[in-house]
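Participant: Predicted model and sequence below, questions to follow.
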Amino acid sequence: MARYGVVFRRKLILELKLTILGCGSAAPTLFRANSAQILEIAGKVILIDCGEGTQWQLLKRKISAFKIDIIFISHLHGDHYLGLPGLLNTLALYGRETPLQIFGPKGIKQLLNNHSIEAEMPPGYELEINEIDTDQTSVIYNLEELTIKAIPLQHRIDCYGYHFELNHFSLKLNKERCDEAGLGYEAIKQFKAGLNYEQDGELYLHTNFTTPYHLKQSYAYITDTLFLPQIAPFIQDTNILYHESTYLNTLLDKAIKTYHSTSVQAAEMAKLCNASLLILGHFSSRYENTESLLEEAKTLFSNTELAEDGKVFVIK
């Protein structure tokens, strides 16, 4: 994060944290905002979709927009991106200096550039806009321990889901064994780096004081699409699956006609990809109460929860 020229380095926190900012579809309502989420993974703060009113939602949840490292937009329907120009303007207004990456479908670069020109509001910071143009699941971001894939969906316009995966490898220290051997900070530092340590002519092997540790966390964001069972292999064994469930299954015909999915289809996808947790979202405004969608999905996939504005999910 950089604000007013100050740069802060974030420590890698080994947990996946998802905050729902908005989980409605089409138009916002009094009980549900447009699509937007904050995902914290691998030390990155990621904004996924940015519907109208996202800045208000960030303020309400006490999440600083300055902490956002990367933005992913699924498609260019207004309920998924109309909050983005305003957010970028606010970051410029308050002096952001660190670069910001944006990923989205073809057309997003021209759209944002045109807004900047017409509004005479250049960002004032480096804005890297990456347009996705692929008809197959592709890795679009791979840095250190974080890999992100774009998954082509089937909607009325180009639309992408995203799969975020952390693969963390490290050595877990046996502190008690170090204490028993009378080894202090310097030895611990060597062991954590995978190195042996020598003291008073005696060699201590790091393998005797550490054990290998592998942490894998993943999140799949699937919104605005017909039911696509063929994408399940690309999000296999994901910890959390967010899948649009715009309608109850009684409106399956309407879902197909509008290129959306039902709560039953979301549950079917969770079963197909062996997800640990399914989150239902992108609810039609006709449902003020979404319990019926939850009940329907749970008949097929028991570990299902509803998205709600402000709700937080954590995987450690």
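Facilitator: Arrived safely, thanks for sending.
Participant: mind listing what the closest residue in space to Gly22 that isn't next to it in sequence touches?
Facilitator: Closest residue in space to Gly22, ignoring its immediate chain neighbours: Ala33 at 3.2 Å, by C-beta to C-beta, 6 or more residues apart in numbering. Backbone N, C-alpha and C define where each C-beta goes, glycine included. Residues near Ala33 by C-beta atoms under 8 Å, 6 or more residues apart in numbering: Leu21, Gly22, Cys23, Gly24, Gly51, Glu52, Gly53, Thr54, Trp56, Gln57, Asp309.
Participant: Only the buried subset of these, as a ChimeraX command please.
Facilitator: Those of the contacts of Ala33 that count as buried under 16 or more other C-beta atoms under 10 Å are selected in ChimeraX with:
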select :21,22,23,24,51,52,53,54,57,309
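Participant: which ones are touching Tyr81?
Facilitator: So Tyr81 contacts Asp49, Cys50, Gly51, Ile73, His75, Gly104, Ile108, Leu111 (C-beta under 8 Å, 6+ apart).
Participant: The first one: which element?
Facilitator: Pointing back at Asp49 there. strand 44-50 (DSSP states H and E).
Participant: Mind listing residues that contact that strand?
Facilitator: 35-40, 54, 67-74, 80-84, 87, 146, 162, 164, 221, 223.
Participant: Counting only strands, which of those make the cut?
Facilitator: Ala36, Gln37, Ile38, Leu39, Glu40, Ile70, Ile71, Phe72, Leu146, Tyr162, Phe164, Tyr221 (DSSP state E).
Participant: mind putting these in TSV, pLDDT and distance to Ala232 included?
Facilitator: Formatted as TSV, the ones in strands among the contacts of strand 44-50 follow (pLDDT from 0 to 100; distance: C-beta to C-beta, whole Å):
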residue	pLDDT	distance to Ala232
Ala36	98	25
Gln37	98	21
Ile38	98	26
Leu39	98	21
Glu40	97	26
Ile70	98	25
Ile71	98	26
Phe72	98	21
Leu146	97	22
Tyr162	98	15
Phe164	98	17
Tyr221	98	15
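Participant: In this structure Leu84 contacts Phe72, no?
Facilitator: No - if you go by C-beta atoms under 8 Å, Leu84 and Phe72 don't touch, sitting 10.9 Å apart.
Participant: Could you check what's spatially nearest to Leu14, not counting adjacent residues?
Facilitator: Leu215 (5.7 Å).
Participant: hmm, back to that, ok, of the contacts of Ala33, which one's closest to Thr238?
Facilitator: In terms of C-beta to C-beta, no member of the contacts of Ala33 lies closer to Thr238 than Cys23, at 18.4 Å.
Participant: how close does the closest one get to Thr211?
Facilitator: The gap separating Cys23 from Thr211 is 40 Å, by C-beta to C-beta, to the nearest Å.
Participant: Give me the neighbour count for Gly124.
Facilitator: Neighbour count of Gly124, defined by other C-beta atoms under 10 Å: 14.
Participant: How much space separates the closest residue to it other than its chain neighbours from Ile102?
Facilitator: Excluding the flanking residues, the one nearest Gly124 by C-beta to C-beta, 6+ apart is Ala92, at 4.5 Å. Per C-beta to C-beta, Ala92 is found 14 Å from Ile102.
Participant: So which of those two has more stuff around it?
Facilitator: Taking other C-beta under 10 Å, Ala92 and Ile102 do not tie; Ile102 has more neighbours (20 against 16).
Participant: what angle separates the helix or strand that the more buried one is a member of from strand 44-50?
Facilitator: Assigned by DSSP H and E, Ile102 falls within strand 100-105. Orientation check (axes from the mean of the first three to the mean of the last three C-alpha atoms, to 10 degrees): strand 100-105 against strand 44-50 gives 40 degrees.
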